[in-house]
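*Asks:* predicted model follows, preceded by the sequence.
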Amino acid sequence: MTVVSAGFFDRPWTGHAAAVLDGMAAHMRVHRGLPTPESIADLHAEVRAVHPDVLVAIGGGSVIDATKVAAALVAGGVGGPRLAAHIRASGPVPTAGIPVVAVPTTPGTGAEVTPFATVWDPTSDRKLSVSGPAVRPAGALLDPQLLGGLPLAQLASCVLDTLAQGIEAAWSVQADASAIAYGLAAVSTVAPLLDPVANRCDSTSVRTALLLAGYHSGAAIARAETTACHAVSYPLTLRLGLAHGHACGAVLGRLLRYNAAVTERSCRDSRGVAHVRRVIADIVDAFDDAGDGAGDGAFDGAGDGAVSGVGGVDRRIDDFLSRCALPRYDELAVDHAQVAAAAVRYSRCHNNPRALDARALTDLLSAPAPSVIGDLQCCG
Ligand SMILES: [Fe+2]
């Protein structure tokens, strides 16, 4: 059984893919829009009726996440109209479900490798997370040809999601050496691609690198989760309808500046402030290695000063947003205090390496000039 997005039918490769699937007589289901408890309950009912040996999810993060949850819950005792309530209540996820093979047609979400899935609940205005070993896809197929035909804004949003996931997994208080390595690998792969993507370069080598960077960012957050940047993105998506990666990218530079100014007193990572600054210097260096001069991170490992070079990265991300016609955060009409209050309710927010409460987050979001963000105070 295959699950595809509505966009499946509008891509340059649609005819070929549809012919292959017809030849396999595969049952096809279209999942539209973001995954919600109700959309997953509908998909779950169909999966139960068909009971396939394997589910193939072809699409972006929404299709892959919806399929992952439906496949994982198929072995549980809950179904029908009660399934949506089960998802809302964070009910148990069986340890094994129907295996899923993920075939991303957008790069960067990492959904093809993570043991969790995002579910959007419009009734409570909340982003939910369904997690467990059975949620992780059994396999993934990364084919650069499948990225063909993506509009620039959609591709740019995917690139920003990759960047945010790589950076956040690396500086997460939960990051082990493996998560840091995967996160930095994602950043160092995707940073040199900002200019080619903004310039609409659509070569096979760029597409392949985007897919690999997305896979690495997924492997990184599977180990360390995301942090405050993703937590802020959820209310931006729910309230303004921003694409997920765009919402992450719009605030990534602000969080980078904020975390780079971490002090002994405000550090939440048990490995100490030197560890956090070193990771952020490595993030900045990944941009410098891209050859655009944005980075040049420096940290001597012993001093009390903030990491240098973060301003260049912040400007680089904002420049990428503008070149791809995606509004920057300061161009959004949003109530900063409401966004901050919603963001700190997500547990992801507290993986942040520098202490962050609603007041500090409101100040960070409402600051007119990025240059003052490093000086904002929160818990020291
Ligand atoms: Fe993400």
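*Replies:* It's in.
*Asks:* any stretches of the stretch 201-350 of the chain with poor pLDDT?
*Replies:* Applying pLDDT under 70 to the stretch 201-350 of the chain flags residues 289-306.
*Asks:* what about 80?
*Replies:* 289-308 (pLDDT under 80).
*Asks:* show me where it has its helices.
*Replies:* 204-224, 228-240, 244-260, 273-288, 310-323, 336-343 (DSSP state H, counting those that start in this stretch).
*Asks:* can I get those helices in a markdown table with distance to residue 106 and mean neighbour count?
*Replies:* In this view, the C-beta of every residue, glycine as well, is placed from N, C-alpha and C. Conversion of these to a markdown table gives the following (distance: least, CB to CB, whole Å; neighbours: other CB atoms under 10 Å):
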| stretch | distance to residue 106 | mean neighbour count |
| --- | --- | --- |
| helix 204-224 | 8 | 23 |
| helix 228-240 | 16 | 24 |
| helix 244-260 | 9 | 27 |
| helix 273-288 | 22 | 23 |
| helix 310-323 | 17 | 20 |
| helix 336-343 | 25 | 20 |
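*Asks:* mind putting those into TSV with distance to residue 93?
*Replies:* Listed next are the helices of the stretch 201-350 of the chain as TSV, based on distance: least, CB to CB, whole Å:
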stretch	distance to residue 93
helix 204-224	15
helix 228-240	21
helix 244-260	22
helix 273-288	31
helix 310-323	35
helix 336-343	25
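*Asks:* residue 223 contacts residue 180, correct?
*Replies:* No. In terms of CB atoms under 8 Å, residue 223 does not count as a neighbour of residue 180; the distance is 9.2 Å.
*Asks:* next, show the common contact partners of these two.
*Replies:* residue 169 (CB atoms under 8 Å, 6 or more residues apart in numbering).
*Asks:* what comes into contact with stretch 12-31?
*Replies:* With CB under 8 Å, 6+ apart, stretch 12-31 has contacts from 1-6, 8-9, 39, 43, 46, 50, 52, 56, 58-59, 62-63, 66-67, 145-146, 148-149.
*Asks:* which of the residues you listed fall in strands?
*Replies:* Judged by DSSP state E, the contacts of stretch 12-31 include 2, 3, 4, 5, 56, 58, 59 as members of strands.
*Asks:* which of those residues sits closest to residue 103?
*Replies:* residue 58 (4.5 Å; CB to CB).
*Asks:* tell me which residues form a beta bridge with the closest one?
*Replies:* Beta-bridge pairing for residue 58 (DSSP bridges): residue 4, residue 103.
*Asks:* for residue 128, which three-state class applies?
*Replies:* Secondary structure, DSSP: H, G, I helix; E, B strand; the rest coil: residue 128 is strand.
*Asks:* ok, the spatially closest residue to it that is not a sequence neighbour - contacts?
*Replies:* Using CB to CB, 6 or more residues apart in numbering and skipping residues adjacent in sequence, the residue nearest residue 128 is residue 119, 4.3 Å away. Residues in contact with residue 119, defined by CB under 8 Å, 6+ apart, are 35, 36, 37, 40, 65, 69, 87, 127, 128, 129, 130.
*Asks:* what count of nearby residues applies to the fifth one?
*Replies:* Neighbour count for residue 65, taken as other CB atoms under 10 Å: 28.
*Asks:* my guess is it contacts residue 118. True?
*Replies:* Yes. The criterion here is CB under 8 Å, and residue 65 meets it with residue 118 at 5.5 Å.
*Asks:* measure residue 360 to residue 86 for me?
*Replies:* Separation of residue 360 from residue 86 (CB to CB, to the nearest Å): 36 Å.
*Asks:* and what of residue 346?
*Replies:* Taken as CB to CB, the span from residue 346 to residue 86 is 21 Å.
*Asks:* quick check: buried residues in whichever strand or helix holds residue 20?
*Replies:* For residue 20, the element it lies in under DSSP states H and E is helix 14-23. For helix 14-23, burial by neighbour count (16 or more other CB atoms under 10 Å) applies to 17, 21.
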